[in-house]
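A.B. asks: what would the 3D arrangement of this be:
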Amino acid sequence: MIIQPPIPSAYLDEAPEVLIQKIMAHKEAFGDKLLILGHHYQEEGTFQCADMVGDSLKLARQAAEAKAARFIIFCGVHFMAESADILAGSDQAVFLPHLEAGCPMADMATLPEVSAAWQELTPILAMKETIPITYVNSSADIKAFVGERGGSVCTSSNAERVLAWALERGERIFFFPDEHLGRNSAKALDIDDKAIVLWQRGLPLGGNNVEQIKAAKVLLWDGFCEVHMEFSAEQIEQWQRTVPDIQVIIHPESNLASVQAADKYGSTEGIINAVESSAPGSTWAIGTEVNLVNRLKLQHPDKTIHLLAPTPCRCKTMALVTPAALLWQLDNLSQGKMENQVTVEVTIAKGAKIALDRMLAI
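C.D. replies: From the prediction side, this is the model:
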């Protein structure tokens, strides 16, 4: 487990507006040498300090294009900082303000588990015809495993395109770690239910028989996002019954029944674009992390926006990257201290970059 160095209490006790002022002063002092990337699920105080904001795909591209920045601070979670380090130049350093900001979904597919599953499948399938695809919410060594076997990374923005790309190159896909993004994307490509097989961790053949494995076009790892599991088809149907003309949009990390019940589904960028392009006076129920939903409410006062679930659905690990943690990071950098630098070992980075580059090219 990665342990975060203690953040001194002086940072934790500081007034929010003072934290922001000090962060902005650092940004001015560093100038073009510093780039702060912020994910849409960050809390508002951290989010407003970012130079560039986006979802995983957009931020991966920005990290790859950020040639001038000497220091890249990723206000997100660990796998995002790893991807930024893989795509960044050798003269750039990537930092995560809180090292314990991880992704529980990514932790559900470890390299030993995935390697063991691959070996278990080898006597049954022609593995050269099996294309591994990993959601960007995965560790660097999983991305390397995929890259070395002809596969690609995907995000929630491009998963359907990446799956279509893979099926042009092989007979089947092994998709991890998110069962639900994989299933929703496979269904969008009109893949038959019988050809979509769930691989359950810890069970022989993932809980399947040989015939089911051989018939599969898509094998799905049984990972999931804790936040997006809080949304349900029943919630959607209740909004649709009680609020006339409401539009429901949900993230594709949600289960299939919820995605099918919603009016639309999309990545965080897709959700933002749908709301921004809608008519004034429109009403929305949105199934994704609460910080993004609350931000959309503030940005679009001419529209009525609700969180789909009755209680806030928060990414607890993303929430660790607070303004206090960001200021602590910047203070260390200004003193030449490389605390919380995220580095990916060279051989792992090489394989992972192949998979990321394939995604960026698709």
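A.B. asks: okay, and the beta partners of the residue lying closest to Phe176 once chain neighbours are set aside?
C.D. replies: Closest residue to Phe176 apart from its sequence neighbours, by Cβ to Cβ, 6 or more residues apart in numbering: Trp221 at 3.3 Å. The C-beta positions use only the backbone N, C-alpha and C, and glycine is treated the same way. On the basis of DSSP bridges, Trp221 is bridged to Trp199.
A.B. asks: any idea how many residues pack against Asp302?
C.D. replies: 10 (other Cβ atoms under 10 Å).
A.B. asks: so the nearest residue to Ala63 once chain neighbours are set aside, which state does it fall into?
C.D. replies: Leaving aside its sequence neighbours, Ala63 sits nearest to Ala84 (Cβ to Cβ, 6+ apart; 3.8 Å). Per DSSP: H, G, I helix; E, B strand; the rest coil, the local secondary structure of Ala84 is helix.
A.B. asks: tell me the domain ranges of this protein?
C.D. replies: For the chain, automatic domain parsing gives the domain ranges 9-102+317-343, 106-226, 228-307.
A.B. asks: residues in contact with the helix or strand containing Ala352?
C.D. replies: Using DSSP states H and E, Ala352 maps to helix 346-361. Helix 346-361 has contacts (Cβ atoms under 8 Å, 6 or more residues apart in numbering) with 57, 60-61, 64, 82-83, 85-87, 134, 136, 140-141, 143-148, 151-155, 158, 162, 344.
A.B. asks: distance from it to the middle of the chain?
C.D. replies: 17 Å (Cα atoms, centre = their mean, to the nearest Å).
A.B. asks: kindly report the same for stretch 86-93.
C.D. replies: With Cα atoms, centre = their mean, you get 20 Å for stretch 86-93.
A.B. asks: now do it, average pLDDT.
C.D. replies: Per-residue pLDDT values over stretch 86-93 give a mean of 91.
A.B. asks: go on, stretch 312-327?
C.D. replies: If you average the pLDDT values across stretch 312-327, you get 96.
A.B. asks: likewise for stretch 168-180?
C.D. replies: 97.
A.B. asks: heads up, I number from 330, so please use that
C.D. replies: Okay, residue one is now 330; in that scheme the one you just asked about reads as stretch 497-509.
A.B. asks: ok so, going back, drop anything exposed from the contacts of helix 675-690.
C.D. replies: Listed as buried from these are 386, 389, 393, 411-412, 414-416, 463, 465, 469-470, 472-476, 480-484, 487, 491, 673; burial here means 16 or more other Cβ atoms under 10 Å.
A.B. asks: tell me which of these fall in helices.
C.D. replies: Counting by DSSP state H, these place 386, 389, 393, 411-412, 414-416, 469-470, 472-476, 491 in helices.
A.B. asks: am I right that Phe403 falls within a strand?
C.D. replies: Yes: Phe403 forms part of a strand when assessed by three-state DSSP.
A.B. asks: contact partners for the nearest residue to it once chain neighbours are set aside?
C.D. replies: Distances taken as Cβ to Cβ, 6+ apart put Ala410 closest to Phe403, at 4.2 Å, once the chain neighbours are dropped. The contact partners of Ala410, by Cβ under 8 Å, 6+ apart, come to 403, 423-425, 671.
A.B. asks: same question for Trp494.
C.D. replies: Per Cβ under 8 Å, 6+ apart, neighbours of Trp494: 481, 691.
A.B. asks: work out for me the element it sits within.
C.D. replies: helix 488-496.
A.B. asks: kindly report the same for Val347.
C.D. replies: With DSSP H and E as criterion, Val347 is part of helix 345-359.
A.B. asks: pull out the buried positions in that helix.
C.D. replies: Using 16+ other Cβ under 10 Å as the test for burial, helix 345-359 gives 348-349, 351-352, 355, 359.
A.B. asks: what does stretch 446-459 give?
C.D. replies: Quick answer for stretch 446-459 (16+ other Cβ under 10 Å): 446-447, 450, 454, 456, 459.
A.B. asks: now for Ile365: which residues touch it?
C.D. replies: 356, 378-381, 401-402, 404, 655.
A.B. asks: so which of those is the most crowded?
C.D. replies: Cys404 (31 neighbours).
A.B. asks: separation between that one and Pro641?
C.D. replies: Using Cβ to Cβ, to the nearest Å, Cys404 is found at 20 Å from Pro641.
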